[in-house]
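S.K.: attaching a predicted model along with its sequence, questions to come.
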Amino acid sequence: MDFGFGALIDKFEEYFGKRWTAALLACIGLFVVSVTLRGVYTGIVEPVFSLFVSDDRLDQPGYIIILNVASFLVVVLAVLAGRYIGQKYWNMDRYMALHRLQRMKGARLVRKTDKLTYEAKKDLASARALLEDGQAIRDEVLALLREFIATYRKTSKKVDEKCHKRKRRGLTHC
């Protein structure tokens, strides 16, 4: 279950460093273990002891054995709880390292994307300049073609008129 302390721990680590963060997490872990052990002792061990042990029977060896076994079980439970919390801390530390690595890779990809975008914009600007140059050249060529076509039409009219006059005179060759 995530309580949202990951960002707080990341900020704490950025500000104070890895050692102080590890010390803080160790203190928090010890606090949780001690509260858990106190709850286990007051909620489970003490009522069980009160069922089997009375003040006048502490001298009998059977009750001492029961107390020793119960104490051993509490210690085993404490060790298992500590191991479980340690494993959770190890997984959390690996998760945080992986998260930082992903953020660094993401930042690197963003920088690379920004660079590529800048280069693409630069290439687009040069392509636009080439397009404008191409359009200017096209306009010049079209103007020359229009002029040539107009000149051709004028000269072809003159040639057609000369040929028509020759045909009237009876000359068949234009």
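M.R.: Happy to help now that I have it. Residues are numbered from 1 along each chain as shown.

S.K.: rest of the way, CA atoms for contacts and neighbours
M.R.: OK.

S.K.: and the helix ranked longest in the chain, what does it pack against?
M.R.: Longest helix of the chain, by residue count under DSSP state H: helix 61-169. The contact analysis (3 or more CA pairs under 8 Å, 6 or more residues apart in numbering; DSSP states H and E) places helix 61-169 against helix 18-40.

S.K.: now do the helix it packs on against helix 61-169, angle only.
M.R.: Comparing the axes of helix 18-40 and helix 61-169 via axes from the mean of the first three to the mean of the last three CA atoms, to 10 degrees yields an angle of 130 degrees.

S.K.: what mean pLDDT does helix 18-40 have?
M.R.: Averaged over helix 18-40, pLDDT sits at 87.

S.K.: got a list of contacts for it?
M.R.: Residues outside helix 18-40 that contact it (CA atoms under 8 Å, 6 or more residues apart in numbering): 9, 12, 13, 74, 78, 81, 82, 85.

S.K.: just give the number of residues close to residue 87.
M.R.: A total of 12 residues lie near residue 87 under the criterion other CA atoms under 10 Å.

S.K.: show me the contacts for it.
M.R.: Contacts of residue 87 (CA under 8 Å, 6+ apart): none.

S.K.: separation between the residue nearest the centre of the chain and residue 9?
M.R.: With distances taken as CA atoms, centre = their mean, residue 106 lies nearest the centre of the chain, 4.8 Å away. Separation of residue 106 from residue 9 (CA to CA, to the nearest Å) stands at 20 Å.

S.K.: same question for residue 150.
M.R.: 82 Å.

S.K.: of those two, which one has the most company?
M.R.: residue 9 (16 against 12).

S.K.: packing partners of the helix or strand that contains the more buried one?
M.R.: Assigned by DSSP states H and E, residue 9 belongs to helix 5-16. Counting contacts by 3+ CA pairs under 8 Å, 6+ apart, helix 5-16 packs against helix 18-40.
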